[in-house]
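Undergrad: Pasted the sequence and its predicted model underneath.
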Amino acid sequence: MHTGKPLTLNGKPLGSGRFPCICTPLVGRTHEQVLAELALVLPKQPDLLEWRVDFFAAIDQTDQVLALATAIRANAGGIPVLFTRRSTKEGGQPIPLNEEQVVALIAAVCASGTVELVDFEMNNDPVHIARVRAAAHAHGVQLLLSFHNFQSTPAQDVLCQRFAQAQALGADVAKIAVMPQRLEDVLAVLAATLESSRKLDIPVVSMSMGAQGALTRLFGGAFGSALSFAVGAAASAPGQVPIEDLNTVLAILQKALAPAK
């Protein structure tokens, strides 16, 4: 039982309709490390792979990024890929590219046909957001607009405004990830997710980070979050749980929340 809208690709629900879907990150620094991670992750059968390209040492070499994106596609066994460059302002790794170069890289990856979704932060320059949106949609790639706060959790109404902002900016998916300072912050994330999943026309994804925030990764789907990030080989954010543990919890919840026959 959930109120959320599922992620869809080519008109079909991601993960054969499982809600929430599970995404595992790839965070290797080299071509070989990323493919080794992928080999470890694939048997665990995530619904989505996220390539965190800001971890990739050769991110400033577009040909190497495209070569690895092609290799991930060839070895992913049909699992869709989310392409993400997380900025240092929102918890990402330092990279030797400016924002114009990042936008050009994302456009090149979208044009390559190797990814199904791309993550871009809604705090970026509106001109850059528009360019990424145009590049993504020109090549059938979905745009996930995200907001991250690694220090605190904004109030529930502010979180709802962030979800709505993503939709207003033309996102196909809205995502927020914030850091709790107390359990009430976790409740604020879940409440904002529930409210926004009912009001908005697009899927929403939410998580509270850190140890307390792990609750949202386990139970967020019941409140409308369409995606949960889990560790396949290595974590990309604090509070991610192993995919095996998440699968176990989701199976228990699905059984417990199933309508009585």
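TA: Nice, thanks for sending it over. No experiment lies behind these values; they were computed from the predicted model shown. Numbering: from 1, shown residues only.

Undergrad: CA atoms for contacts and neighbours, from now on please.
TA: Will do.

Undergrad: Where do the strands of this protein begin and end?
TA: All strands of the chain, identified by DSSP state E, fall at 8-9, 12-13, 21-26, 48-52, 81-84, 117-121, 142-149, 173-178, 204-208, 227-231, 241-242.

Undergrad: Tell me the buried residues in the fourth one?
TA: Along strand 48-52, these residues count as buried under the neighbour rule (16 or more other Cα atoms under 10 Å): 48-52.

Undergrad: same deal with the longest one?
TA: Residues 142-149 are the ones in strand 142-149 that count as buried (16+ other Cα under 10 Å).

Undergrad: Of those, just say which sits nearest to Q93.
TA: Comparing the buried residues of strand 142-149 against Q93 with Cα to Cα places H148 closest, at 13.8 Å.

Undergrad: The closest one bridge partners, please.
TA: A177 (DSSP bridges).

Undergrad: Report the spatially nearest residue to S208, omitting neighbours in sequence.
TA: Spatially, and ignoring its direct neighbours in sequence, S208 is nearest to V178 (5.1 Å; Cα to Cα, 6 or more residues apart in numbering).

Undergrad: Just give me the neighbour total for that neighbour.
TA: Neighbourhood size, V178 [other Cα atoms under 10 Å]: 24.

Undergrad: next one: the one 3 residues further on
TA: For Q181, the neighbour count with other Cα under 10 Å is 15.

Undergrad: Quick one: residues contacting the residue lying closest to it once chain neighbours are set aside.
TA: Nearest non-adjacent residue to Q181, counting by Cα to Cα, 6+ apart: S152, 6.4 Å away. Contact analysis of S152 by Cα atoms under 8 Å, 6 or more residues apart in numbering lists 178-181.

Undergrad: try it again with 10 Å
TA: 178-182, 185, 208-209 (Cα atoms under 10 Å, 6 or more residues apart in numbering).

Undergrad: can you check C110 too?
TA: C110 is in contact with 66, 83, 104, 116-118, 132, 135-142, counting by Cα under 10 Å, 6+ apart.

Undergrad: Now with 7 Å, please.
TA: Residues in contact with C110 (Cα atoms under 7 Å, 6 or more residues apart in numbering) are 135-136, 139, 141.

Undergrad: quick revisit: redo the buried residues of strand 142-149 as TSV? Include distance to Q240 and pLDDT.
TA: Shown next, in TSV, are those (distance: Cα to Cα, whole Å; pLDDT from 0 to 100):
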residue	distance to Q240	pLDDT
Q142	24	98
L143	23	98
L144	19	98
L145	20	98
S146	17	98
F147	17	98
H148	15	97
N149	16	96
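
Undergrad: Let me know the closest of these to K255.
TA: Taking Cα to Cα as the measure, L144 is the one of the buried residues of strand 142-149 closest to K255, at 29.9 Å.

Undergrad: The closest one and D157, how far apart?
TA: 21 Å (Cα to Cα, to the nearest Å).

Undergrad: what's the burial count for V109?
TA: Neighbours of V109 (other Cα under 10 Å): 23.

Undergrad: measure the spatially closest residue to it that is not a sequence neighbour to T114 for me?
TA: Once flanking residues are discounted, V109 sits nearest to L66: 6.4 Å by Cα to Cα, 6+ apart. According to Cα to Cα, L66 and T114 sit 8 Å apart.

Undergrad: Let me see the contact set for Q167.
TA: The neighbours of Q167, taking Cα under 7 Å, 6+ apart as the test, are 174, 202.

Undergrad: Which positions within stretch 186-206 qualify as buried?
TA: By neighbour count on 16+ other Cα under 10 Å, the buried set for stretch 186-206 is 186-198, 200, 202-206.

Undergrad: My error: substitute stretch 52-62 in the last question.
TA: By 16+ other Cα under 10 Å, the buried positions in stretch 52-62 come out as 52-60, 62.

Undergrad: just these now: which is nearest I252?
TA: R52 (30.0 Å).
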